[in-house]
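Chemist: Predicted coordinates and the sequence they were generated for:
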Amino acid sequence: MAFEGERQKLTREEIQKLLATHGGPIGLDLTGVSLVGEDLSYLDLRGAILTQADLTNANLWRSLLNWARLDGALLDRVNLSGAEIKSALLTGASLRKADLRGTRLNETNLSGADLSEAILIGADFRNCNLSQARLVGVHSRGADLRFADISGADLSFSNLQLADLSAARMQSVDLQEANLSIAKLIETDCTGAKMVKADLRGADLENAIMQGANLREANLTGADLSKTDLSMAIF
């Protein structure tokens, strides 16, 4: 849902004053504010409410956003590299072309978020909810997605080389032409996944569930298919 009404433009200095007045970030209500292009690096915003806020092009390098509410927020092209966003709420947020290199997002809810073309190299998404999220063309080399819920997400044309997706829930995920070479999908549930022309060379699919997965023209050269359930898979 788009923000309705006029946004209040705030600067880093004004945010710092609000933090001091409020006695800290927890519960600080910044709903719908504009922080476009602001340098917010290293700021402690743990538990702050940034619902539908506009942080487009902001610098949040190494900031702390654990437990924060960023549902519906605009975070396109934001720099979140090295930041901590654990157990936060980012449902429906837009993070197109955002930089999340090395960002820690453990147990964060990103359901329905748009991370298209984002840089997620080395990011930690363990136990995250990425269901129905849009991750088209993301650069996720070496990302940790163990135990994440990625069901129904669109990861087409993404780079997941060396990523760890072990025990992730990936039912009905779109991985068309994705690069999953040398990735780990141990005990991953890929039931009904669309993996047409996916690159799975050298991937570890031990005990993975691939029931009904579409693997037409997928490259499985050197992949470990030990005890992989390929029943009703399409080749």
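Modeler: Received, thanks.
Chemist: Every contact and neighbour count from this point should use C-alpha atoms.
Modeler: OK.
Chemist: Under the pLDDT cut-off, which ranges of the protein? List them.
Modeler: 1-5 (pLDDT under 70).
Chemist: could you pull out the helices for it?
Modeler: 12-22 (DSSP state H).
Chemist: Strands of that one, residue ranges please.
Modeler: Counting by DSSP state E, the chain has no strands at all.
Chemist: Ser231: neighbour count?
Modeler: 12 (other Cα atoms under 10 Å).
Chemist: do you know how far the closest residue in space to it that isn't next to it in sequence is from Phe125?
Modeler: Using Cα to Cα, 6 or more residues apart in numbering and skipping the chain neighbours, the partner closest in space to Ser231 is Gln211 (5.0 Å). According to Cα to Cα, to the nearest Å, Gln211 and Phe125 sit 25 Å apart.
Chemist: Between the two, point out the one with more neighbours.
Modeler: Phe125 (28 against 19).
Chemist: Thr188 touches Val173, doesn't it?
Modeler: No. Using Cα atoms under 8 Å, Thr188 makes no contact with Val173, being 11.8 Å away.
Chemist: still on that earlier bit, ok, now which ones touch the residue nearest to Ser231?
Modeler: Shown in contact with Gln211 (Cα atoms under 8 Å, 6 or more residues apart in numbering): Cys190, Thr191, Gly192, Asp229, Leu230, Ser231, Met232, Ala233.
Chemist: Which one (most neighbours) among those?
Modeler: Going by other Cα under 10 Å, Cys190 tops the contacts of Gln211 with 28 neighbours.
Chemist: That residue contacts Ser172, correct?
Modeler: Yes. Counting by Cα under 8 Å, Cys190 does reach Ser172; the two are 6.9 Å apart.
Chemist: Any idea how far apart the tips of stretch 87-99 sit?
Modeler: First residue to last in stretch 87-99 (Cα to Cα) measures 19 Å.
Chemist: same check, this time on stretch 34-41
Modeler: Stretch 34-41: ends 16 Å apart by Cα to Cα.
Chemist: what's it in contact with?
Modeler: With Cα under 8 Å, 6+ apart, stretch 34-41 has contacts from 7-12, 53-63.
Chemist: same thing with stretch 158-167?
Modeler: Applying Cα under 8 Å, 6+ apart, the set of residues contacting stretch 158-167 is 135-148, 175, 177-189.
Chemist: got the contact list for the nearest residue to Ala123 once chain neighbours are set aside?
Modeler: Using Cα to Cα, 6+ apart and skipping the chain neighbours, the partner closest in space to Ala123 is Gly102 (4.3 Å). By Cα under 8 Å, 6+ apart, the contact list for Gly102 reads Ser81, Gly82, Ala83, Leu120, Ile121, Gly122, Ala123, Asp124.
Chemist: Nice, that's everything, thank you.
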